[in-house]
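[1] Next comes the sequence, and after it the predicted model I'd like to discuss.
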Amino acid sequence: MFDARMQPPASSSAVPPGSIAAMVRALPRGTQPTAAFRDAACAAMRLTRARGRMECDALAIVFEDEHTPDDRRTLILDLLASAGTPEAQIVMRRLLALGVARRDSRTFASFVQRLGFMERPDGATLRFLINVYAQSKHEVYEVRAACAYALGAGAGRAHVWGLTDAAMRAAEVLRVDLLSATNPTEKCALVTALGNAGLESDVGTILRFVDDEDGRVRSA
């Protein structure tokens, strides 16, 4: 299980009426908001830094509530990832360090993938993804693959936005593990993760596996 010993205290503040978080909390169980709601939520979090910080903090309160179901927590992370602001990324990293996010490894891996959806991850988010991927090496294959995929996605998107050094460091973590991997399932996950990053410098590494003895690796 992921290490959840170091976690910040849960917030005791109330959710502001009329906030995005209040509307998320009010959604009937099992329902999802419309695309228009998601777009409006993203716009509100990007409107000003003060408004964005308030909305992100309010969403965090709902996420931390022990009565909030995991599908609603996933929605909260989706909204934060869509906003992608520095404030949203800070809150996402804080929430994903909580014990409530890490109680189940597979659910946590699904949560982490939301960081891979972010359009413009910053250096701190890439470092967080590297740390999570390192922790996942003691988990089942599906969890390790999900964390590798998120790290590759984050590296690729960061590189597009000019965070070249941070992106290269993140990809190097995957590259080293791929070159030392002996298990075909591990190779598949890592080839896919590097392909997801899409860095030109990794083409030569990936091409080494075109003639791998395992068909699944060649396909990846």
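    Looks like it arrived, so ask away.
[2] Next, residue 169: phi, psi?
    phi -60, psi -40 (degrees, to the nearest 10).
[3] quick one: secondary structure of the residue nearest to the spatial centre of the chain?
    Nearest to the geometric centre of the chain sits residue 115, at 2.4 Å (CA atoms, centre = their mean). When classified by DSSP: H, G, I helix; E, B strand; the rest coil, residue 115 comes out as helix.
[4] my read: it touches residue 124, true?
    No - counting by CB atoms under 8 Å, residue 115 stays clear of residue 124, with 10.9 Å between them. C-betas here are computed from N, CA, C, even on glycine.
[5] Give the buried residues for the host helix or strand of residue 53.
    For residue 53, the host element (DSSP states H and E) is helix 49-64. For helix 49-64, the buried set under the neighbour-count rule, 16 or more other CB atoms under 10 Å, comprises 52-64.
[6] Surely residue 88 and residue 54 touch.
    No - using CB under 8 Å, residue 88 is not in contact with residue 54; the gap is 11.9 Å.
[7] so residue 97, which of the three states?
    Applying three-state DSSP: residue 97 is coil.
[8] before we move on, back to that, now do the contacts for the residue nearest to the centre of the chain.
    Contact analysis of residue 115 by CB atoms under 8 Å, 6 or more residues apart in numbering lists 81, 92, 96, 121, 125, 128, 129, 150, 154.
[9] Retrieve the pLDDT associated with the third one.
    The predicted structure scores residue 96 at 96 on the pLDDT scale.
[10] what's around it, how many residues?
    20 (other CB atoms under 10 Å).
[11] separation between it and residue 188?
    Counting by CB to CB, to the nearest Å, the gap from residue 96 to residue 188 is 25 Å.
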